[in-house]
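Enquirer: all I have is the shape, not the residue letters:
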């Protein structure tokens, strides 16, 4: 389990930059997930392609969840 980090001696500007980068990454990844969802709903694709896109979409979703967990702890 992750323990909260005592960042009282850390550079707050650096932390803010990291959080901003992570937030931008999360936002962009959510956009990709939405685009994959739309693509999956509107196109007739072979099962192999559906499986690949679904796996990729789920991987992105897990990454978003993990990034949000980390950002809450910083």
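Expert: That came through, no problem. Only a predicted model underlies this, so the values are computations on that prediction, with no experimental measurement involved.
Enquirer: and the next element down the chain from the host helix or strand of residue 35?
Expert: Counting by DSSP states H and E, the element that carries residue 35 is helix 12-42. The element immediately downstream of helix 12-42 (helix or strand, assigned by DSSP H and E) is helix 47-73.
Enquirer: any chance you could list what contacts stretch 16-24?
Expert: 67, 70-71, 74 (CB atoms under 8 Å, 6 or more residues apart in numbering). Every residue, glycine included, has its C-beta placed from N, CA and C.
Enquirer: tell me which of those residues is nearest to residue 25?
Expert: Nearest to residue 25 among these: residue 67, at 6.6 Å, using CB to CB.
Enquirer: residue contacts, that closest one?
Expert: With CB under 8 Å, 6+ apart, residue 67 has these contacts: 22, 25-26, 29.
Enquirer: quick revisit: buried set for the helix holding residue 35?
Expert: For helix 12-42, burial by neighbour count (16 or more other CB atoms under 10 Å) applies to 26, 29, 33, 36.
Enquirer: distance of the second one relative to residue 12?
Expert: Residue 29 sits 25 Å away from residue 12, taking CB to CB, to the nearest Å as the criterion.
Enquirer: confidence score at residue 68?
Expert: Note on residue 68: pLDDT of 91.
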